[in-house]
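Q: 3D model of this:
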Amino acid sequence: MSAGNAKGLIAWDVLATLLILLSIYSYALYPFILILLRPFFNKKVHQSDIEPTVSLIIAAYNEEKKMGEKLGNTLELEYPRDKLEIIVASDASTDGTEDIIRGFPEVRLLRARERGGKERAQKIALDAAAGEILVFTDAGTLLDKNAIRGIVRNFADASVGAVSSCDKLLSVQTENAEDLYVRYEMMLRRLESGFNGVVGLSGSFFAARREVCAEWAEDLTSDFNTVFLARKKGLRAISDDAVIGYYRDIQKDQSETKRKVRTLINGIDVFMRTLELLNVFKYGAFSWQLISHKLMRWLVPFFLSALVAVTFIGACEGSVFCSILFALQFIFYALALSGAIRDSSRKWLPVKIAFYFSSVNVAILLAWAGYFRGERMRIWNPTVR
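A: Next up is the predicted model:
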């Protein structure tokens, strides 16, 4: 082999290695760095048993199957009744949702004149709310009795502007890998929270100070944008593992894909419209976290696609390293394809992981395509769980 050919093979190997590192950065290297930095930047949250006035807001559209259980669960929350108001904002529901709500005299019903999306419904409730702390939760999310008291404890810390719950899946489909992803995401939030704060909240259950929500945007997804609103006021958003929101997993993979694409398009939209937060001189480590957790993850399918091409070319040129990598990729995507073709094959863990990881990255590609086509998914339908 000539020196020129050897250098060429090394170049393909180096390029493939770089793409691997870029592909795993958000999922593995970023949390590893957070672990390394934790001893030096361990920001604890001062908690105390405070009792500010709280407005619990539920945005709903055609949730008649869940609303009775949700409101029954909500009325069992242990918090002073004179300091807790419960508001349901109906996004012009057309089923029996509002009739169910009227059966609970302790609950205030607000109805949008026409459908405008989750954030607009939340804004209607927010404008009518009287609480110092605003708690947002979904109709499909169930809470522990002490959930409100638990989430409010964090606001005894003056540096905290928003608080996210920890998601817990009540799984009904053991072959669905959503539970693996939820556990991973909760681990990552825990690391971020202890370092400098999270970059995203759990949309099914989170809370914020009233002043943080003063510039509420009806066209930006609230769980993502609320973190940004807090940061702009010099406050951090944190996650509390002791505060849990319980929800069931998706019953159909098609529904899960649609939900992911909708969430991703809205997330990309928020990111693109708040690029000022990438100013590291103003927002410091949060800018790095935002790039690491969000942008780098949204770029993974492009890195993976490039890796397939680079390793294929490198293998054709004679690189042993690229040949091995290309073969491993072929096996991985074959497992993912088998999971897509046969649901029963997802009972095997390698297939489950390959299928779910691949479906997530396909959803990211679809979301980028949708975003650049101008799609903005403000109107939502209840996910079948």
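Q: tell me the phi and psi of L235?
A: The phi/psi pair for L235 (degrees, to the nearest 10) reads phi -110, psi 160.
Q: list the contacts for it?
A: For L235, the contacting residues are S159, V160, G161, A162, R209, V212, by Cβ atoms under 8 Å, 6 or more residues apart in numbering. C-beta: built from backbone N, CA, C; applies to glycine.
Q: and it, what pLDDT?
A: Model confidence at L235, given as pLDDT, is 96.
Q: again, but for T383
A: Note for T383: predicted pLDDT of 59.
Q: any idea which of the contacts of L235 is closest to A237?
A: Ranked by distance to A237 (Cβ to Cβ), the contacts of L235 are led by A162 at 4.0 Å.
Q: Give the bridge partners for that closest one, please.
A: A208, A237 (DSSP bridges).
Q: pLDDT weak spots in the stretch 251-385 of the chain?
A: 251-256, 377-385 (pLDDT under 70).
Q: what about the strands in the protein?
A: Assigned by DSSP state E, the strands in the chain fall at 54-60, 84-90, 107-111, 133-138, 142-143, 160-170, 205-209, 236-248.
Q: still on that earlier bit, buried subset of the contacts of L235, written for ChimeraX?
A: The ChimeraX command for the buried members of the contacts of L235 (criterion: 16 or more other Cβ atoms under 10 Å) is given here:
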select :160,161,162,209,212
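Q: With distance to L264 added, can I get the strands of the chain in a markdown table?
A: A markdown table is the format used below for those (distance: least, Cβ to Cβ, whole Å):
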| stretch | distance to L264 |
| --- | --- |
| strand 54-60 | 20 |
| strand 84-90 | 24 |
| strand 107-111 | 29 |
| strand 133-138 | 18 |
| strand 142-143 | 26 |
| strand 160-170 | 17 |
| strand 205-209 | 19 |
| strand 236-248 | 19 |
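Q: From the recorded domain assignment, give the ranges for this structure.
A: Per the record, the chain has its domains at 1-41+299-374, 54-295, by automatic domain parsing.
Q: Can you tell me which of the ones you listed is packed in deepest?
A: domain 54-295 (a mean of 19; mean count of other Cβ atoms under 10 Å).
Q: Now do that domain: distance to the chain's middle.
A: The gap between where domain 54-295 is centred and where its chain is centred comes out at 10 Å by Cα atoms, centre = their mean, to the nearest Å.
Q: do the same with stretch 293-311
A: 20 Å.
Q: Show the residue spans covered by the helices in the stretch 201-350 of the chain.
A: Ranges of helices in the stretch 201-350 of the chain, per DSSP state H, counting those that start in this stretch, are 222-232, 253-273, 280-283, 285-290, 296-298, 300-317, 320-341, 349-372.
Q: neighbouring contacts of the last one?
A: What that stands for is helix 349-372. Residues contacting helix 349-372 (Cβ under 8 Å, 6+ apart): 175, 177-178, 180-181, 253, 256-257, 260-261, 264-265, 267-269, 272, 297-298, 300-301, 304, 332-333, 335-336, 338-340, 345-346, 377.
Q: run the last query once more with 6 Å
A: 177, 257, 260-261, 264-265, 268, 298, 300-301, 332, 335-336, 338-339, 345-346 (Cβ atoms under 6 Å, 6 or more residues apart in numbering).
Q: Tell me how far S292 lies from I33.
A: 8 Å (Cβ to Cβ, to the nearest Å).
Q: Ok, E119 next?
A: 33 Å.
Q: repeat for A237
A: 20 Å.
Q: quick one: which of the strands of the chain is nearest S48?
A: strand 160-170 (11.6 Å).
Q: before we move on, back to that, same list, the helices of the stretch 201-350 of the chain, but as a markdown table with distance to T137 please.
A: Putting these into a markdown table (distance: least, Cβ to Cβ, whole Å) gives the following:
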| stretch | distance to T137 |
| --- | --- |
| helix 222-232 | 11 |
| helix 253-273 | 17 |
| helix 280-283 | 28 |
| helix 285-290 | 25 |
| helix 296-298 | 26 |
| helix 300-317 | 30 |
| helix 320-341 | 33 |
| helix 349-372 | 25 |
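Q: And those helices: which comes nearest W216?
A: Taking the helices of the stretch 201-350 of the chain one by one with Cβ to Cβ, helix 222-232 is closest: 7.6 Å.
Q: just checking, what packs against the closest one?
A: Packed against helix 222-232, as judged by 3 or more Cβ pairs under 6 Å, 6 or more residues apart in numbering; DSSP states H and E, are the following elements: strand 160-170, helix 253-273.
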